[in-house]
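**Q** fold the following.
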Amino acid sequence: MPADYNGTWEMETNENFEGYMVALGIDFATRKIAKHLKQTKEIIQNGDDFKTKTLSTFRNYELDYTVGVEFEEHTKGLDNRVVKVKIWYLVSVNTVVSTRTEQFQNSAEYMKKN
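**A** I've put the predicted structure just below:
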């Protein structure tokens, strides 16, 4: 049984996010705003299947996916394209690391459970 990620999580850091956005071709102004936002994620988990709701002052969005399985993410509100993404979770003492592998770059966000 995978770890239990259900609940609300606050982002602590977002490593390589700037490089990730550059590789996606996201414009300078949007990158500067996005990299300073702190997000809250509401996670509903059923085994390896996840529903996440990401909330920030810039953009709110929802994703349904299975950990480790590639899926298409629509970047509505950012640059409005479709990208292929794979997400993994690692947990250690109420901290979750979400690693996203996309066709251009990798990024990781570190969140702490409320």
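**Q** so, low pLDDT: which residues of this structure?
**A** Along the chain, the parts satisfying pLDDT under 70 run over 1-2, 77-79, 89-114.
**Q** hey, where'd the helices end up in it?
**A** If you assign secondary structure with DSSP state H, the helices in the chain sit at 17-24, 28-34.
**Q** I'd like the distance from the first one to the chain centre, please.
**A** Right, helix 17-24. From the chain centre to the centre of helix 17-24 is a distance of 13 Å (CA atoms, centre = their mean, to the nearest Å).
**Q** wait, what's in contact with the nearest residue to residue 6 once chain neighbours are set aside?
**A** With CB to CB, 6 or more residues apart in numbering as the measure, residue 45 is the residue that lies nearest to residue 6, at 5.1 Å, once sequence neighbours are left out. C-beta here means a position set from N, CA and C on the backbone, and glycine is covered the same way. Taking CB atoms under 8 Å, 6 or more residues apart in numbering as the contact definition, residue 45 lies against 2, 4, 5, 6, 51.
**Q** thought the fourth one was touching residue 43?
**A** Yes - with contact defined as CB atoms under 8 Å, residue 6 reaches residue 43; the gap is 6.0 Å.
**Q** neighbour-wise, which of the two wins?
**A** More neighbours surround residue 43 than the other of residue 6 and residue 43, with 20 against 12 (other CB atoms under 10 Å).
**Q** pretty sure the more buried one sits against residue 54.
**A** No - proximity of residue 43 to residue 54 does not meet the contact threshold set by CB under 8 Å, at 9.8 Å.
**Q** beta partners of residue 45?
**A** With DSSP bridges applied, the residues forming beta bridges to residue 45 are residue 50.
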